[in-house]
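1. generate coordinates for the sequence data below:
(one chain, ligands or ions: 1)
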Amino acid sequence: MRSRAHLHQREPAIEFVPVSIVEQLNFREIFGRDAPIEVDLGCGDATFLVAMAAQNPDRNFLGIERLLGRVRVACRKIARSNLENVRILRLESSYAVAHLLPAGAISGFHVLFPDPWPKRRHNRRRLFTAEFLGAIDCALEPSGLLHVATDHADYFLSIYKMITTKSSFSISEEATEFPITAFEQKLAGNGAAIQRLLLRKVSPVT
Ligand SMILES: C[S@@+](CC[C@H](N)C(=O)[O-])C[C@H]1O[C@@H](n2cnc3c(N)ncnc32)[C@H](O)[C@@H]1O
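-> Alright, predicted model coming up:
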């Protein structure tokens, strides 16, 4: 059995701490190879990321999470999995997308159960805004994927409206099965209706 000390030693490599938070990330340096990159925004304890990374060894996965406790849990989980294709960045998602991700570098974003901020006066704290979607659009490669899931009907509607009034994404009908997230596991059994959107970046016609 591997000791806790051994797991602890690997954590800094799994948690990627940028030297500068005003320079764009260099994914070849972070992962030690070139491969398509998927980003999980608000990745929580990395349950989803670990499952995705295990199923897709030819792809790189970056989880972005702002809470220190969750980053620590995520790093321990990744260390136990022995996966080499997952990294965690502790930062605020919309800042990271807008300022650290190179244009056209990301093959897919997952935004799974983003905090809904249900009180009307808190709605402006929600992650999904027109600016956020613009930054996602810019970071995605042509035909890149944006995968969103929420159990909050009002938040879903507001995201849906934003997407359908913006021509940069089209709703995809592809039947894709994704691993269940930790938050989704907690919802299971309480009858919550989960709404999911798979969107593809539409390249402008030239
Ligand atoms: C409801 S949890 C869902 C976690 C995970 N996606 C899942 O489905 O199990 C929302 C997560 O997003 C993180 N989060 C919320 N807003 C964030 C932001 N602006 N930047 C980074 N992380 C954020 C929270 O700390 C929390 O871990």
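2. which parts of this structure are strands?
-> 37-41, 60-65, 86-90, 106-112, 140-150, 169-171, 195-201 (DSSP state E).
3. and these: which comes nearest F27?
-> Nearest to F27 among the strands of the chain is strand 37-41 (5.7 Å), distances taken as CB to CB. (Each C-beta comes from the backbone N, C-alpha and C, glycine too.)
4. and the angle from that closest one to strand 140-150?
-> With axes from the mean of the first three to the mean of the last three CA atoms, to 10 degrees defining the directions, strand 37-41 sits at 30 degrees from strand 140-150.
5. tilt between strand 37-41 and strand 106-112?
-> Going by the same axes, to 10 degrees, strand 37-41 makes 20 degrees with strand 106-112.
6. work out the sheet partners of strand 37-41 and label each with its direction, please.
-> Sheet pairing here is set by DSSP bridges, and for strand 37-41 it gives strand 60-65 (parallel), strand 106-112 (parallel).
7. hmm, back to that, switch the strands of the chain over to CSV; also include mean neighbour count and mean pLDDT.
-> Shown next, in CSV, are those (neighbours: other CB atoms under 10 Å; pLDDT from 0 to 100):
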stretch, mean neighbour count, mean pLDDT
strand 37-41, 25, 98
strand 60-65, 26, 98
strand 86-90, 23, 98
strand 106-112, 22, 98
strand 140-150, 20, 97
strand 169-171, 16, 94
strand 195-201, 18, 96
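8. and the longest helix for this structure?
-> When the chain is parsed with DSSP state H, its longest helix is helix 68-81.
9. now render the strands of the chain as JSON lines, adding distance to E29.
-> Below are the strands of the chain laid out as JSON lines (distance: least, CB to CB, whole Å):
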{"stretch": "strand 37-41", "distance to E29": "13"}
{"stretch": "strand 60-65", "distance to E29": "12"}
{"stretch": "strand 86-90", "distance to E29": "11"}
{"stretch": "strand 106-112", "distance to E29": "16"}
{"stretch": "strand 140-150", "distance to E29": "19"}
{"stretch": "strand 169-171", "distance to E29": "30"}
{"stretch": "strand 195-201", "distance to E29": "25"}
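10. so, low pLDDT: which residues of the chain?
-> The model of the chain has pLDDT under 70 over residues 1-12, 205-206.
11. where does it come near the ligand, residue by residue?
-> 42-44, 64-67, 70, 92-94, 112-113, 115, 127, 181-184 (CB under 6 Å from any ligand atom).
12. show me the contacts for L198.
-> 145-147, 171-174, 176 (CB atoms under 8 Å, 6 or more residues apart in numbering).
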